[in-house]
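K.L.:
the sequence isn't on hand, but the structure is:
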């Protein structure tokens, strides 16, 4: 239902979208500007594969004639392998296209190609991890609402990885439906699978060399545009064109 999105946009709100640009605009109005958050594709793919295992494990085990509480680590690794094989063979996972997300490269390109159409800001996960205060400062300036350093620091402290993990474990322990807990994933939680994992930079670069080469071939264009490489020095400085963003014409309330 696009109504809540329209209301949020018209009221000056911030709307989160995982969809590629064309799929997003097919259902929702154009906003005043875009903040594009990206992550190195090797890390993004590894994270997606683990999330696939989390969301599919219980049903996979039932399909094998077992109860979710009988799931094993091998079952989870099998699902991670299924995801990676599908991606490396075809360039995307069918569910990604069906939901309008596209592959990493399709998604990034869809937004990068249109950034000049309206005020925009590119934020890389790696820069956010390295200097969260500076990344949040850039975002607040872009929104036309500069925020004091003390407030930015409070936001960093309140939403860092350890804080998110604490909230996650509290939801799972209390079986409280929310961002981190869904009853249909009980078997996956019992195997230690989580929505919020380690959040490290560079973990995906430990994928097999052949897989990294394939990803680099698939997405060489958007990777180069964003300063990403496969291998040593995987994250170059953010290209200067992305550091000269136009602020919103109508500041965020």
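P.N.:
Yep, that arrived. The shown structure was predicted, so the numbers you read here are calculated from the model rather than taken from an experiment. Residues are numbered from 1 along each chain as shown.
K.L.:
give me the buried positions along stretch 87-102.
P.N.:
The neighbour-count check on stretch 87-102 (16 or more other CB atoms under 10 Å) flags 87, 88, 91, 92, 93, 96, 97, 100, 101, 102 as buried. (Glycine included, C-beta is placed from N, CA and C.)
K.L.:
could you pull up phi and psi at residue 51?
P.N.:
Main-chain torsions, residue 51, degrees, to the nearest 10: phi -70, psi -40.
K.L.:
the closest residue to it other than its chain neighbours: which element?
P.N.:
Distances taken as CB to CB, 6 or more residues apart in numbering put residue 195 closest to residue 51, at 7.0 Å, once the chain neighbours are dropped. Of the helices and strands defined by DSSP states H and E, none includes residue 195.
K.L.:
residue 37 too?
P.N.:
Here residue 37 is assigned to strand 34-38, by DSSP H and E.
K.L.:
what segments of this structure are strands?
P.N.:
34-38, 120-124 (DSSP state E).
K.L.:
I'd say residue 231 and residue 212 touch.
P.N.:
Yes. Using CB atoms under 8 Å, residue 231 and residue 212 qualify as a contacting pair, with a distance of 7.2 Å.
K.L.:
among the buried residues of stretch 87-102, which pair sits farthest apart?
P.N.:
Within those, 88 and 100 form the most distant pair, 21.7 Å apart (CB to CB).
K.L.:
residue 35 versus residue 115, what's the distance?
P.N.:
Per CB to CB, to the nearest Å, residue 115 is found 11 Å from residue 35.
K.L.:
also residue 99?
P.N.:
Taking CB to CB, one finds residue 99 at 21 Å from residue 35.
K.L.:
and for residue 141?
P.N.:
Residue 141 is 12 Å from residue 35, by CB to CB.
K.L.:
more neighbours: these two, which one.
P.N.:
Shown here are residue 141 and residue 35; by other CB atoms under 10 Å, residue 35 has more neighbours (18 against 14).
K.L.:
the more buried one: what's its closest spatial neighbour, skipping adjacent residues?
P.N.:
Residue 35's closest residue in space is residue 121 (CB to CB, 6+ apart), at 4.9 Å.
K.L.:
strand partners (parallel or antiparallel) of the strand holding residue 37?
P.N.:
strand 120-124 (parallel) (DSSP bridges).
K.L.:
ok, back up a step: what mean pLDDT does the strand holding residue 37 get?
P.N.:
Mean per-residue pLDDT for strand 34-38: 94.
K.L.:
quick one: the helices in the protein?
P.N.:
3-10, 21-27, 41-63, 73-90, 94-98, 104-112, 125-130, 132-142, 149-158, 161-174, 186-190, 209-218, 220-226, 240-243 (DSSP state H).
K.L.:
of those helices, which is nearest residue 200?
P.N.:
helix 41-63 (7.7 Å).
K.L.:
list the buried residues for that closest one?
P.N.:
Quick answer for helix 41-63 (16+ other CB under 10 Å): 41-58, 60-61.
K.L.:
that older thread, list the contacts of the residue nearest to residue 35.
P.N.:
33, 34, 35, 36, 138, 139, 142, 242, 245 (CB atoms under 8 Å, 6 or more residues apart in numbering).
K.L.:
quick check, pLDDT for the fifth one.
P.N.:
According to the predicted model, the pLDDT of residue 138 comes to 91.
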